[in-house]
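A.B. asks: The following block contains a protein sequence and its predicted model.
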Amino acid sequence: MRLFFQKQYNKYAFASTLFYLIFTTNLSGQLASWYFTSSNAGSGSTGVAAGLAALGSGLNMLNLTCNGGAISCDQFYDSGDPNPTTESDAVTDNEFIVFPITALPGYDVLIQRVEFYSRYSDTGADSRAVYVDGTSIGTNTQNTTNLCQLQVVTLSDVTISAGNTKEFKIYGWGADGFSAGNIRLDNVEFFGAITLLLPIELSVFEVITLVSHAKLSWQTASELNFSHFSIEKSTDGTKFREIGVVPGSGTTNESQDYEFIDTSPSPGINYYRLRQVDFDGQFEYSKVVSVDFKGKAMLSLYPTLADSEVNLKFPEPTAEEGQLLIFDTGGRLVYQLYIEQETEELPVSIEHLSPGHYFARVQIGRQLENLRFVKQ
């Protein structure tokens, strides 16, 4: 687990928190393989998909065997090149066999080495170079011709992030002579480690005050088989109770934003945490964040039953400009009023409104408050 924690303080939030939680399980071993017994399709371990092996455009397929099966090809150099002995020749002439590896959603894959059985002819390519994204990450040379031998190539670590694919290209070079030689690869196996993300990657979690409410907001960077968040609250930082539930997004590699408003914060310090629940019932707790409502006066609207005018009373002069929006019960905006900076009390005429129930939304900077009144 990696944890980065930073406290932030401002006028409206006693304490809010920014942190990262990544729950990981590492699995090492064989991750992808191609055995060529019936096709060029590969197979992958949990969290990995192995695509179809294919030849570069400079090669032809042959019907040959090595260790029970093989992907075989000739023309491992450009027949027009009188000195087909360098790695750059192979790269230029697209003389490679490609092995695509995909990290499935929810898994990061680290590739560290490749093993394969190899055979090459007297005039074939005795050297191998493994490339990813145009960069050589490992090489070796086979010294015996016409013999199927196990080759091990240690690779520079290559990470494939969840949901992405990388193509590993094995080039053959160092062919001898002026006619194309052949090469056979069989039992190709890639080794490394898998990182399983459980069940979410939580990137942001903070709480701020909205005059008389507490607003919790958080963001996930990824989710894997994730069910929901249970929002829990405490007044002593020890005993927590659930005050709400927010559904998760299942499995996704896209960032997701969430929020929850506690409309009834308790006087004093309020502590909050998220219980992050997977579909199979497993759960993890987030870090605890807190906000202080001790001695904080509340925004008020009075009278709540009026026929011509209501008044907004702020706990202190407003630090920023804002606005008042009035909505009817159908959610239609029926009135809008500008609020100047340093406003302490604001009379609002409602004579033009029809009798009924209304919602007043007051927004000052990042503060947001919803109030109700009835027009007689």
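C.D. replies: Nice, I can see it.
A.B. asks: what sits against residue 253?
C.D. replies: Shown in contact with residue 253 (C-beta atoms under 8 Å, 6 or more residues apart in numbering): 105, 162, 163, 222. Glycine gets a C-beta too; all of them are placed from N, C-alpha and C.
A.B. asks: partner residues bridging the closest residue to residue 64 other than its chain neighbours?
C.D. replies: In space, and not counting its chain neighbours, residue 64 is closest to residue 72: 3.8 Å by C-beta to C-beta, 6 or more residues apart in numbering. For residue 72, the beta-bridge partners are residue 62, residue 184 (DSSP bridges).
A.B. asks: With residue 230 instead?
C.D. replies: residue 245, residue 275.
A.B. asks: Pretty sure it sits against residue 277.
C.D. replies: Yes - the pair residue 230 / residue 277 is scored as a contact, 6.3 Å apart, by C-beta atoms under 8 Å.
A.B. asks: Now the common contact residues for these two.
C.D. replies: Both residue 230 and residue 277 are contacted by residue 283, under the criterion C-beta under 8 Å, 6+ apart.
A.B. asks: Do you have the helices of the chain handy? List them.
C.D. replies: 87-92 (DSSP state H).
A.B. asks: Low-confidence stretches in it?
C.D. replies: For the chain, the stretches with pLDDT under 70 are 1-27, 77-84, 177-180, 197-199, 211, 294-298.
A.B. asks: Find the centremost residue of it, please.
C.D. replies: residue 222 (3.4 Å; C-alpha atoms, centre = their mean).
A.B. asks: ok, so what distance separates the closest residue to it other than its chain neighbours from residue 226?
C.D. replies: Ranked by C-beta to C-beta, 6+ apart and with sequence neighbours excluded, the top spatial neighbour of residue 222 is residue 201, at 4.6 Å. Separation of residue 201 from residue 226 (C-beta to C-beta, to the nearest Å): 10 Å.
A.B. asks: Overlap in contacts, the two.
C.D. replies: In terms of C-beta under 8 Å, 6+ apart, residue 201 and residue 226 are both contacted by the residues residue 220.
A.B. asks: can you put the contacts of residue 253 in JSON lines and add distance to residue 369?
C.D. replies: Output for the contacts of residue 253, formatted as JSON lines (distance: C-beta to C-beta, whole Å):
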{"residue": "105", "distance to residue 369": "40"}
{"residue": "162", "distance to residue 369": "40"}
{"residue": "163", "distance to residue 369": "41"}
{"residue": "222", "distance to residue 369": "34"}
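A.B. asks: Tell me which two of those sit farthest apart.
C.D. replies: Farthest apart among the contacts of residue 253 by C-beta to C-beta are 163 and 222. That separation is 8.9 Å.
A.B. asks: So what sits opposite residue 158 in the bridge?
C.D. replies: Beta-bridge partners for residue 158, by DSSP bridges, are residue 111.
A.B. asks: Who are the contact partners of it?
C.D. replies: Counted by C-beta under 8 Å, 6+ apart, residue 158 has contacts 110, 111, 132, 137, 166, 168.
A.B. asks: which one of these is nearest residue 245?
C.D. replies: Scanning the contacts of residue 158 for proximity to residue 245, where the rule is C-beta to C-beta, the winner is residue 110, at 36.0 Å.
A.B. asks: Quick check: that closest one touching residue 155?
C.D. replies: No - under the criterion of C-beta under 8 Å, residue 110 is not in contact with residue 155, lying 10.1 Å apart.
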